[in-house]
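**Q** pasting the sequence and the predicted model now:
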Amino acid sequence: MSIRERLSGNEAIATAMRQINPDVFAMFPITPSTEIPQYFAQYVADGKVDTEFICVESEHSSLSACLGAEAAGCRAVTATSSAGLSFMNEVLYVAASSRLPVVLAVSCRALTGPININHDYSDSMAERDSGFIQLYAENNQEVYDNYLMAHRIAEHPDVRLPLMVCEDGFITSHAIENIELEEDAAVKAFVGEYRPENYLLKKENPLAVGPYGVSGYYMEARVAQAHAMMNAKKVILDVAADFEKTFGRSYGFFESYRMEDAELAMVIMGSSAGTAKAAVDELRAEGVKAGLVKIRVFRPFPGEELAQVLSGCKAVAVMDKSEGFSANGGPLYAETAGACFNLEQRPKMVDIVFGLGGRDFTVEAARSVYGRLEQIARTGETGPLYTHMGQREA
Amino acid sequence: MIEIRWHGRGGQGAKTASQLLADAAFMAGKYVQSFPEYGPERSGAPITAYNRISEERCSVHSNIYDPDYVAVVDETLLESVDVTGGLKTSGAIIINSAKSPDELKPHLRGYAGRVCTIDAREISQRNLGAYFPNTPMLAAVVAVSGCVDREQFLKDMEESYRHKFAKKPQVVEGNLKCLREAMDEVRYGA
């Protein structure tokens, strides 16, 4: 039986962590960390978990400690945000290439500068090539559900990759909303115990973790890692299918919202997708064939599946909530356009960078995007391919 | 759906008040959202918090620009913040003040809807012996907006206080009196 509750995204993640009771939680205890370790510290103090809770002096160290724990055969978790994630950068790559399935909760926020604490995907998008699996969520429920699925995906023998459970900073992390929690025993049964095949402290099979890879072997290791990311696609869907069977909520690589006969579509992530759904509903009521695709899994990127869904559209707007400074559009646009390139029939596609540093995204703003798509579909002219939404004129 | 915007100053608890309102509506079986808008965080700076209360889950996660109700925890904000911006005239503004609605109306930039005041300071000091504006403000917003049934609200809040203050049962009665008296002492303008 689900438990009706109301929690912030941070509380939802901390609750999932408590239910899972990981072996190690290493964390940097002050800003820009999140409230997640604060809630978890209470569980430790109250004896609700028997996790080894380690406070360290930086995010570089918190992930390093998780890495050590994972290499020793433990299930390790941590949480961070913004500059904290950037500070982990070097170690993210080590975790991924050492194939250590740490689960990292990220409250996605802007990077400096100007100094800003609010939501966008500058931090997580900057780590899109780190080798972490990345799951994104529209609201607290999806963050919680993603967290319940995270360890099984990351630890699967065909995958063995670290994973980021991403939530929208403040909009999800600090907003209190209704949520359906699952019972502790049901969560424990679903997530299961972590029993790695090989680990440092297994004396029957001594193992080196993180050695030098000479040019003659480095590439083999990297390709094996790339294959693990490809394998993750099947595992993500398998775990989602079991999750639906167990708890009744359905997840895929992305959510197609009113896409059946959609001519105008938005590709978007996170809480903004929820706001855009309201615009889609209004437009549908007015007879406009609008739809949207909300990306849940950004790494691995479900290019083939996404291209299939978009192939019937006339015009698509990709909504990037980070500025990649490529001078050619944001990261979600690059992925989406690349994925659609080999379609026989492909839609016109533009990139709109929006919502940086917490700039609000409203139902009206979403409607204006569909207004532009309608014009593109009608005239066949895209206008500028790469624009920014709602910024002040110079 | 009812949309509410809270104005306060950092440290006064407008965010907490919006969370308490979400709790009350949640206990009454509603879908809720409670979220703060963060600027540079400093004590005393104007802050905004929001509530959405609905019968079904609301997927919209933008700020609220056309609220049904506005709650002002600190009346000194009336001069510096456009607290009635976008406020529906079919709704109301609820201001924590010892003044009457008629006295404050001229400071509301021509807002044509209903103005309500509540002396949260006096009610809080009378019942709790200290200034905690949130409890009376919460009750006033529930009374004016009708977003939760009064008896249901008082019953749920009593249960919540008994749980929250399990180790300090003596403060439960004061808080409950605060709620009841605030609901009765809202001053409604024309």
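**A** Alright, I've got the coordinates. Numbers count the residues shown, from 1 in each chain, chains lettered A, B, ... in the order given.
**Q** near chain B, which residues of chain A? Just list them.
**A** Contact residues (C-beta under 8 Å from any C-beta of the partner chain) of chain A with chain B: A:6, A:117-118, A:138-139, A:168, A:170-172, A:174-178, A:271-272, A:274-275, A:277-278, A:358, A:360-363. Where you see a C-beta, it was placed from the backbone N, CA and C, and this is true even at glycine.
**Q** which stretches of the chain have low pLDDT?
**A** Went with chain A since none was named. Flagging of chain A using pLDDT under 70 yields the residue ranges A:394.
**Q** wait, chain B was what I had in mind.
**A** Filtered on pLDDT under 70, chain B yields the residue ranges B:40-41.
**Q** I'd assumed residue A:306 was in a strand, is it?
**A** No - applying DSSP: H, G, I helix; E, B strand; the rest coil, one finds residue A:306 to be helix, outside a strand.
**Q** give me the number of residues near it?
**A** As a burial measure, residue A:306 scores 20 neighbours (other C-beta atoms under 10 Å in any protein chain shown).
**Q** if I look at it, how far off is chain B?
**A** From residue A:306 across to chain B, the span is 21 Å (C-beta to the nearest C-beta, to the nearest Å).
**Q** which ones are touching the residue nearest to that residue when sequence neighbours are not counted?
**A** Excluding the flanking residues, the one nearest residue A:306 by C-beta to C-beta, 6 or more residues apart in numbering or on different chains is residue A:339, at 5.3 Å. Applying C-beta atoms under 8 Å, 6 or more residues apart in numbering or on different chains to residue A:339 gives the contacts A:301, A:303-304, A:306-307.
**Q** can you check residue A:319 too?
**A** Residue A:319 sits next to A:266-269, A:272, A:276, A:332, A:352, A:354, A:369 when contact means C-beta under 8 Å, 6+ apart.
**Q** okay, strands next: where are they in the stretch 1-150 of chain A?
**A** Under the criterion DSSP state E, counting those that start in this stretch, strands of the stretch 1-150 of chain A are mapped to A:3-7, A:24-27, A:52-55, A:76-81, A:103-108, A:133-135.
**Q** how about the first one, which residues are buried there?
**A** Spelled out, that is strand A:3-7. Applying a neighbour-count criterion of 16 or more other C-beta atoms under 10 Å in any protein chain shown, one finds A:5-7 buried in strand A:3-7.
**Q** packing partners of the helix ranked longest in chain A?
**A** Taking DSSP state H as the criterion, chain A has its longest helix at helix A:215-247. On a contact count with 3 or more C-beta pairs under 8 Å, 6 or more residues apart in numbering or on different chains; DSSP states H and E, helix A:215-247 meets helix A:83-97, strand A:133-135, helix A:140-155, helix A:184-191, strand A:297-299.
**Q** quick one: name whatever helix or strand follows the longest one.
**A** Meaning helix A:140-155. Downstream of helix A:140-155, the first helix or strand assigned by DSSP states H and E is strand A:163-168.
**Q** need the contact partners of that next one.
**A** Contacting residues not belonging to strand A:163-168 are listed as A:9-10, A:13, A:101-108, A:119, A:121, A:124, A:127, A:132-137, A:140, A:143, A:146-147, A:150, A:153-154, A:173, A:270-271, B:61 [C-beta under 8 Å, 6+ apart].
**Q** now with 7 Å?
**A** Strand A:163-168 is contacted by residues A:9, A:13, A:101, A:103-108, A:119, A:124, A:132-137, A:143, A:146-147, A:150, A:153-154, A:173, A:270-271 when judged by C-beta atoms under 7 Å, 6 or more residues apart in numbering or on different chains.
**Q** residue B:11: what's it in contact with?
**A** Contact partners of residue B:11, counting by C-beta under 7 Å, 6+ apart, are B:43-44.
**Q** what secondary structure does it sit in?
**A** coil.
**Q** measure it to residue A:8 for me?
**A** For residue B:11, the distance to residue A:8 (C-beta to C-beta, to the nearest Å) stands at 20 Å.
**Q** ok, now residue A:277?
**A** Distance from residue A:277 to residue A:8, counting by C-beta to C-beta: 21 Å.
**Q** next: residue B:155.
**A** As for residue B:155, its distance to residue A:8 is 25 Å (criterion: C-beta to C-beta).
**Q** same drill for the two, tell me which one is more crowded.
**A** Set residue B:155 next to residue A:8 and count neighbours by other C-beta under 10 Å: residue A:8 wins out with 24 against 13.
**Q** any idea what the residue nearest to the more buried one when sequence neighbours are not counted is bridged to?
**A** Of all residues not flanking residue A:8 in the chain, residue A:176 sits nearest, at 5.1 Å (C-beta to C-beta, 6+ apart). Beta-bridge pairing for residue A:176 (DSSP bridges): residue B:34.
**Q** count the residues that sit near residue 168.
**A** Just going to use chain A. Residues lying near residue A:168 (other C-beta under 10 Å) number 31.
**Q** hmm, I had chain B in mind actually
**A** Neighbour count of residue B:168, defined by other C-beta under 10 Å: 9.
**Q** any idea how far it is from residue B:177?
**A** 15 Å.
**Q** again with residue A:249
**A** Separation of residue A:249 from residue B:177 (C-beta to C-beta): 43 Å.
**Q** this completes my enquiry, with thanks.
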